[in-house]
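# here you go, sequence then predicted model.
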Amino acid sequence: MVTLSKIYTRTGDNGTTRLGNNKTVSKTDLRVECCGEADELNCVLGLTLNGDLPPETADLLASVQNDLFDLGADLCLPDGEGLRVSSGQVSRLETAIDRINANLEPLNSFLLPGGSKTASWLHLARAVCRRAERRVWQLRETEAVNENVTSYLNRLSDLLFVMARNANDQGRADILWEPGRYQE
């Protein structure tokens, strides 16, 4: 367990930080950037949880927030030891996607992000999740990363998409893209 008795250490004042294995790296290190992307996503989910959500949705998002801390712990330990995102966590997201998507009509157009306030927050979280996934894939080009991390982020963006649709009156209030509508 983590104990934080002192919040500032001054070790970052020179532009460096430590990974979970105590290796000192630049604050601009791609692995640190990936951890930051997961943190930003978690913050957007925290904002989303302030909305008017059904208990089942709130519980699911709270579990995802905890998973994102697992994901950050996985990323900050490059040597493969310690907490790892598991295939079971990915499967849990797939089960939730299938359950939520079963209540939605198939799409015949792409969606514009928006609709209800909750759906808008979920769409923002989805976009942040996709950026986090791209950054982790960039890291995987040069360093070893648990493949469940990228799978989790990929499924999570899909889950956030179907949750946004569900928050839009089960997709009935989705805003459909109308190609060329405003062309002159």
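That came through fine.
# low-confidence bits of the protein, can you list those?
Filtered on pLDDT under 70, the chain yields the residue ranges 1-2.
# quick check: longest helix of it.
When secondary structure is assigned using DSSP state H, the longest helix within the chain turns out to be helix 117-140.
# so which residue is dead centre in this protein?
The residue lying closest to the centre of the chain (Cα atoms, centre = their mean) is C129, at 3.9 Å.
# for that one, give me its contacts.
Neighbouring residues of C129 by Cβ atoms under 8 Å, 6 or more residues apart in numbering: L41, L153, L156, S157, L160. Quick note: C-beta positions are derived from backbone N, CA and C, even for glycine.
# the second one - how many residues pack around it?
Using other Cβ atoms under 10 Å, the number of residues around L153 comes to 28.
# so how far is E105 from the residue lying closest to it once chain neighbours are set aside?
Residue nearest to L153 in three dimensions, not counting chain neighbours: E133, with 3.9 Å by Cβ to Cβ, 6 or more residues apart in numbering. Computed as Cβ to Cβ, to the nearest Å, the E133 to E105 distance reads 27 Å.
# now swap in S120 and tell me
Distance from S120 to E105, by Cβ to Cβ: 20 Å.
# over to R84?
For R84, the distance to E105 (Cβ to Cβ) stands at 37 Å.
# the two - which one has more neighbours?
R84 (16 against 10).
# and that one, what does it touch?
Per Cβ under 8 Å, 6+ apart, neighbours of R84: D70, D74, N146, N148.
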